[in-house]
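[1] can you look at this prediction? I've put the sequence above it.
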Amino acid sequence: MNTYKIKNDAGLLTLALRLVVGWTYFSAFWRRTILTNKLDPDTASYIGEKFNHFLPNALGIKPLIQYMVENPDILWWNMVLFTIIEGVVGLFIMLGFFTRLSSIGVFGLAMGILLGSGWIGTTCLDEWQIGVLGIAIGFVLFLSGSSTYSLDNYFSKRKYTFTTKNWFRWLGSGELPIKTHRFSKLVLIGSLVILGITLSTNQIFHGGLWGTLHNKSVKPKLEITNGTIQNNTLSFDVFRTEGVDVYGSWTIAIELFNDKDQRVLKYNQDDLSALSNENIRNYYITKIEPGMHSLVIPLGAKAKLTFKSPDLTHLSKGKYTLKITDISGLYWEHNIVIP
């Protein structure tokens, strides 16, 4: 059987992949711009806040995400650009227009999803699966190009000048200009690299190969740092690093205990729901805010909390324990020393 025909036919066999993965990316553009405005920073559905949720456990690109969520204007421009790229890549893949170039876009977007949010997913490791499958599909579409039902094929049949160029076979469709034995090695090496990415990220994010299997999206986790007590003021940083991304952690109590385990300060639900901007200084666009019955801490939010109380004025030197309690019963502690 002719090898040339086998390679070309692969472009037809991957039609379903083109249409489905193309829609998954184009639909992101469609949802954010047509169905609802998710690019408006003043709305609750702003896509930038979702991006902020990726921050705590992103792999490799965490500094980039942190820089953007600390700079809202830069973040907005990147969200607009990201949305446009998703729309163009998705549309081109569905239409089979410059299929191989678009498949590189699929590969890159999927890699970004994997590294940024591969740790998120309450039931089926959702974002990790989307990321690794997108990478594999991008690679397959690069190898196959598109065939019968595509604009690449339409232009090639009509012998448009650009389709006769060697670069079009690399960026559009047609037989890749690679010798048969090298082509098989490209398939093998690429597949093994993608398998390596899949296994390594599965282990890093979820312990999927050995050790304790874990899911960081199941329950909230708060990190407390930089606690100080000076005069009548208690201040500390709190950062929510784990838990479900679609709703917050509800803090119902903030307490301070001395080294004899005696409580010297307490803010209950009513106190926390009445906090003002003077008490909370948020670092990122996802904000810690007082709710109706508690202090709400969304995933990825980080803020400096400050409390002033006369009960803190004459504390003796020594070690104190700060305790933050969630409505679920979980709590987190942080030691503070008054020198």
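    Thanks, I have it. Note that the coordinates shown come from a computational prediction; the quantities given were computed from them, not determined experimentally. Numbers count the residues shown, from 1 in each chain.
[2] how about Glu255, secondary structure?
    strand (DSSP: H, G, I helix; E, B strand; the rest coil).
[3] what is the neighbour count of it?
    For Glu255, the count of nearby residues is 17 (other C-beta atoms under 10 Å). Using the backbone N, CA and C atoms, a C-beta is placed for each residue, glycine as well.
[4] do I have it right that it meets Trp332?
    No: between Glu255 and Trp332 there is no contact under C-beta atoms under 8 Å: 11.4 Å.
[5] shared neighbours, these two?
    Contact criterion C-beta atoms under 8 Å, 6 or more residues apart in numbering; residues shared by Glu255 and Trp332: Lys323.
[6] ranking helices and strands of the chain by mean pLDDT, which lands last?
    helix 3-13 (a mean of 66; mean pLDDT, DSSP states H and E).
[7] now the element after it, going C-ward?
    Using DSSP states H and E, the helix or strand that follows helix 3-13 towards the C-terminus is helix 15-30.
[8] keeping just the C-alphas, turn that following helix into CSV.
    Output in CSV follows, covering the C-alpha atoms of helix 15-30 (Å, rounded to 0.1, in the frame of the first residue of the first chain):
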residue,chain,number,x,y,z
LEU,A,15,-11.9,14.9,11.5
ALA,A,16,-13.8,14.2,14.7
LEU,A,17,-10.8,15.2,16.8
ARG,A,18,-10.5,18.5,14.8
LEU,A,19,-14.1,19.4,15.2
VAL,A,20,-14.3,18.5,18.9
VAL,A,21,-11.1,20.0,20.1
GLY,A,22,-11.6,23.0,17.9
TRP,A,23,-15.0,23.7,19.5
THR,A,24,-13.6,23.3,23.0
TYR,A,25,-11.2,26.2,22.3
PHE,A,26,-13.5,28.3,20.1
SER,A,27,-16.3,27.9,22.7
ALA,A,28,-14.1,29.6,25.3
PHE,A,29,-14.0,32.6,23.1
TRP,A,30,-17.8,32.3,22.4
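[9] identify all contacting residues around that helix.
    83-84, 86-87, 89-96, 99, 106, 109, 134, 137-138, 140-141, 146-150.
[10] what are the ranges of the strands in the stretch 101-250 of the chain?
    Assigned by DSSP state E, counting those that start in this stretch, the stretch 101-250 of the chain shows strands spanning 221-230, 233-242, 249-257.
[11] quick one: the last one to strand 221-230, angle?
    Taking axes from the mean of the first three to the mean of the last three C-alpha atoms, to 10 degrees, one finds that strand 249-257 is oriented at 40 degrees with respect to strand 221-230.
[12] what about stretch 312-323, distance to the chain center?
    Distance of stretch 312-323 from its chain centroid, counting by C-alpha atoms, centre = their mean, to the nearest Å, is 38 Å.
[13] before we move on, what about stretch 288-295?
    Distance, centroid of stretch 288-295 to centroid of chain: 25 Å (C-alpha atoms, centre = their mean).
[14] pretty sure Leu125 is touching His206, no?
    Yes: using C-beta under 8 Å, Leu125 is in contact with His206, at 5.9 Å.
[15] give me the common contacts of those two.
    Taking C-beta under 8 Å, 6+ apart as the contact rule, the neighbours common to Leu125 and His206 are Asn215.
[16] show me which residues of stretch 121-134 are buried.
    121, 125, 127-128, 130-132, 134 (16 or more other C-beta atoms under 10 Å).
[17] scratch that, stretch 29-46
    For stretch 29-46, the buried set under the neighbour-count rule, 16+ other C-beta under 10 Å, comprises 29-30, 32, 38-39, 46.
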